[in-house]
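*Asks:* Fold the following and give me the result.
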Amino acid sequence: SGSLGMLDRSRMALCTFVFLCLSFNPLSSLLGGRPSEAFGHDGSKRNILAMDEPESSALPQFQWLLPTLVFWMINLLIVGAAFVRLFIYGEPITRPHSESSVIFWRHRKQADLDLARGDFAQASQNLWTALKALRRPLPTSNLDLTCSLLWNLIRHILQRLWVGRWLAGRAGGFFRDQELKADVRKSACDAALVYHRLHQLHMTGKHVAGHLSAINMALSAVNLAECAGDAISVATLAEVYVAAALRVKTSLHHCCHFLARFFLSSARQVLLSHHGTVPPALQWLCHPVGHRFFVDGDWAVKSSPRESIYSSTSHPANPLAQVTQLFREHLLEKALSCVSRLDNPAPASHSEGEFSDALEYLHFLNSCADTVPNPTSSISTNMDSATGTDPVSHWWASVVAMAIHGLQADEEAMERLYPLVEFMPRVLQASENSLPWAALHTFKATRMLGKEDSSLGQCDKAGEYLRDSLGGNATPSAIDRAVQFLLCDLLLITRTRFWQQQMQGAPPHRARYQASALELRGFQQDLSTLRRLAQADQPAMHRVFLHEATARLMTQASPTRTHQLL
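*Replies:* All right, here's what the predicted structure looks like:
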């Protein structure tokens, strides 16, 4: 049948009783009063008769020390008995095939079905009932919540000090058999997973409760997962730690965010200490760039999935998937900043070092895009198998990499990447944002250099889509501006190379080739777009000056001003 265990109110009542016993010493009047008085009286006698009775000086000290030792031994026995009652004989244990186990699994499996259907409210209700079947009901009053939160804090501190974990490892009794030991761990694992899923639903706005209740769920999941031993997988334990770190970032004041480092380091320690491979969906957290983004980044988990053209939408009930999506976009933005240097006060120089840094970020982005957390519905799904891919992030990584190779005039590398860029994900094809189409036609124009009509036509299409992306009412994000600037710069470079090819193919008797009106009109339109983008980022004006000088060369203007611009 299993052990009924203790409710958190009863646990805190026992803790309060022990604290009062240690604070007010009700036994001191019985054990220490008379010997102390006797000690004071005998001490005065000893001072007077010290010359006559030296052999009796040790007796009063023993009479004073004995009650003190007895008193502290009783106190230690009280504390030890309380710990034994709390950790060893106070844990609810659900045995397999018992009535409680049947009720628990009925509601657990129903919650899985509700999650798969997207009925998060009904899933929360079934998870709540499942916890009640395990005799671990969620607090329903402020008193219950206070007691539960205090107990989980005390328990977590004791488990950090090892003594709590040692005692909890013997839950069910000192002389238990192996079957009971396995049932204790399995019961703790089942409860931890339900607490963890409820915590995830709360963080994504699918389970209504206050921040204190959410902190309590996070601590309950951590404490029970640590007590589950080998019944819980290393990947799942690490995910519980990461969820607790997310809770710190979400619910606590900024001055307490250092606690997120503690839970995150616990997750990394668990993953790296078991001589196994880190689950793909968590590998980015073990990277210095990912760790810095998680701890110091300015991000927040939202109640609804974040719509973006730069990454696939994450699962609505998985907060870690949301943060992973934000990190993929962070990597793309870092790569773009290496190329365009819109955030650098110094004049940008497309150096090899900056290009290599950008390609490194893009390589990391591709790795993260291959290990996206899947929208798994099952509560106990192992993260080792719960990964998918993000085709949108892959596509943008290929776009930026191809732009870098275009700036380097590496045609061979561009040719390798072009098939990846040409195949635009369907979600981007259906998007109202014209920026992906601007990117696609920019690279089509680059590939068609040498074919006059085709290349210029693609340049004009790309420029038109680029101007459309600037015409919206919404304020563009930093990553939008970086992509727009990079594409516009690359588009002008493509037009310049086209003009250079035309100039090289001109008849020898002509001293200088002058661009046609069609070429000049398209170049000036794209140049005005670049000038508009550079207004908000003065360090980028050097690119505007360079292309203005090119425009003057194309029109055979006065060389004095051209020289100044260069």
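
*Asks:* what separates Asp370 from Asn318, distance-wise?
*Replies:* 17 Å (Cβ to Cβ, to the nearest Å). C-beta: built from backbone N, CA, C; applies to glycine.

*Asks:* Of the two, give the one with the bigger neighbour count.
*Replies:* Asn318 (24 against 14; other Cβ atoms under 10 Å).

*Asks:* what's the nearest residue to that one if we skip its chain neighbours?
*Replies:* Pro373 (5.7 Å; Cβ to Cβ, 6 or more residues apart in numbering).

*Asks:* What residues are bridge-paired with the one you found?
*Replies:* Counting by DSSP bridges, Pro373 is bridged to Thr387.

*Asks:* low pLDDT regions in the stretch 1-150 of the chain?
*Replies:* Segments of the stretch 1-150 of the chain classed as low confidence (criterion: pLDDT under 70) are 1-3, 25-64.

*Asks:* before we move on, what about the chain?
*Replies:* Those would be 1-3, 25-64, 275-276, 341-353, 374-387, 450-453, 473, 505-515, 539, 557-566, if you go by pLDDT under 70 across the chain.

*Asks:* show me where it has strands.
*Replies:* Listed in chain order, the strands found in the chain under DSSP state E are 2-3, 93-94, 372-373, 387-388.

*Asks:* Which secondary structure elements does the third one sit against?
*Replies:* The helices and strands touching strand 372-373, judged by 3 or more Cβ pairs under 8 Å, 6 or more residues apart in numbering; DSSP states H and E, are helix 319-340, strand 387-388.

*Asks:* Any idea how far it is from the middle of the chain?
*Replies:* 12 Å (Cα atoms, centre = their mean, to the nearest Å).

*Asks:* And the contacts of it?
*Replies:* Residues outside strand 372-373 that contact it (Cβ atoms under 8 Å, 6 or more residues apart in numbering) are 281, 312, 314-315, 318, 320-321, 324-325, 383, 386-390.

*Asks:* Give me the nearest residue to Ser124, chain neighbours excluded.
*Replies:* Of all residues not flanking Ser124 in the chain, His207 sits nearest, at 4.4 Å (Cβ to Cβ, 6+ apart).

*Asks:* all helices of the stretch 1-150 of the chain, in order?
*Replies:* For the stretch 1-150 of the chain, the helices defined by DSSP state H, counting those that start in this stretch cover 8-24, 28-31, 33-49, 58-83, 99-117, 120-133, 142-160.

*Asks:* Over to the stretch 451-566 of the chain?
*Replies:* Counting by DSSP H, counting those that start in this stretch, the stretch 451-566 of the chain has these helices, from start to end: 452-470, 478-504, 517-534, 541-554, 559-565.

*Asks:* I'd like to know which of those is closest to Ala111.
*Replies:* The closest of these to Ala111 is helix 478-504. By Cβ to Cβ, the value is 37.3 Å.

*Asks:* and the angle for that closest one with helix 541-554?
*Replies:* 20 degrees (axes from the mean of the first three to the mean of the last three Cα atoms, to 10 degrees).

*Asks:* just how off-centre is helix 478-504 within its chain?
*Replies:* 36 Å.

*Asks:* what packs against that helix?
*Replies:* Against helix 478-504 (3+ Cβ pairs under 8 Å, 6+ apart) you get helix 319-340, helix 391-407, helix 435-447, helix 452-470, helix 517-534, helix 541-554.

*Asks:* got the end-to-end distance for stretch 250-268?
*Replies:* Start and end residues of stretch 250-268 are separated by 20 Å (Cα to Cα, to the nearest Å).

*Asks:* Please identify the buried residues of it?
*Replies:* For stretch 250-268, burial by neighbour count (16 or more other Cβ atoms under 10 Å) applies to Thr250, Ser251, Ala260, Phe263, Leu264, Ser266, Ala267, Arg268.

*Asks:* which residues are in contact with that stretch?
*Replies:* Stretch 250-268 has contacts (Cβ under 8 Å, 6+ apart) with 203, 211, 214-215, 222, 237-239, 241-242, 244-246, 248-249, 282, 285-286, 291, 294-295, 300-301.

*Asks:* which residues touch the spatially most central residue of the chain?
*Replies:* Residue closest to the average C-alpha location in the chain (Cα atoms, centre = their mean): Val323, at 4.6 Å. Contacts for Val323 (Cβ under 8 Å, 6+ apart) come out as Leu246, Phe294, Trp299, Val301.

*Asks:* Now do it against Ser314, distance only.
*Replies:* On the measure of Cβ to Cβ, Val323 and Ser314 end up 9 Å apart.

*Asks:* ditto for Ser100
*Replies:* 35 Å.

*Asks:* In terms of neighbours, single out the busier of the two.
*Replies:* Ser314 (26 against 19).

*Asks:* Quick check: that one vs His196, distance?
*Replies:* Applying Cβ to Cβ to Ser314 and His196 gives a distance of 18 Å.

*Asks:* and the closest residue to Val339 other than its chain neighbours, how many neighbours does it have?
*Replies:* Excluding its sequence neighbours, the residue lying closest to Val339 (Cβ to Cβ, 6+ apart) is Ala358, at 5.1 Å. By other Cβ under 10 Å, the residues close to Ala358 number 22.

*Asks:* you'd agree Ala358 is up against Glu333?
*Replies:* No: shown here, Ala358 and Glu333 do not form a contact pair, counting by Cβ atoms under 8 Å, at 11.0 Å.

*Asks:* Over to Asp370: give its phi and psi.
*Replies:* Dihedral pair for Asp370: phi -80, psi -10, per degrees, to the nearest 10.

*Asks:* Thr371 versus the spatially closest residue to it that is not a sequence neighbour, what's the distance?
*Replies:* Closest residue to Asp370 apart from its sequence neighbours, by Cβ to Cβ, 6+ apart: Thr389 at 5.6 Å. Using Cβ to Cβ, we find Thr389 at a distance of 8 Å from Thr371.

*Asks:* more crowded one of those two?
*Replies:* For the pair Thr389 and Thr371, the greater number of neighbours falls to Thr371 (19 against 14), based on other Cβ under 10 Å.

*Asks:* which residues sit in contact with that one?
*Replies:* Pro280, Ala281, Gln283, Trp284, Thr387.

*Asks:* Which of these sits closest to Ile404?
*Replies:* Trp284 (22.1 Å).

*Asks:* one step back: right, and out of the buried residues of stretch 250-268, which lies closest to Arg532?
*Replies:* Nearest to Arg532 among the buried residues of stretch 250-268 is Thr250, at 38.3 Å by Cβ to Cβ.

*Asks:* Ala540 versus that closest one, what's the distance?
*Replies:* 36 Å.

*Asks:* What of Leu490?
*Replies:* Using Cβ to Cβ, we find Leu490 at a distance of 14 Å from Ala540.

*Asks:* what do you get for Leu65?
*Replies:* Here the criterion is Cβ to Cβ. By it, Leu65 lies 81 Å from Ala540.

*Asks:* neighbour count winner among the two?
*Replies:* Legend: neighbour count by other Cβ under 10 Å for Leu65 and Ala540, higher for Ala540 (23 against 12).

*Asks:* Now that one: closest residue in space, sequence neighbours ignored.
*Replies:* Closest residue in space to Ala540, ignoring its immediate chain neighbours: Ala534 at 4.3 Å, by Cβ to Cβ, 6+ apart.

*Asks:* hang on, isn't that neighbour packed against Phe545?
*Replies:* No: at 9.6 Å, Ala534 and Phe545 do not qualify as touching, with contact defined as Cβ under 8 Å.

*Asks:* between these two, which one's more packed in?
*Replies:* Ala534 (21 against 13).
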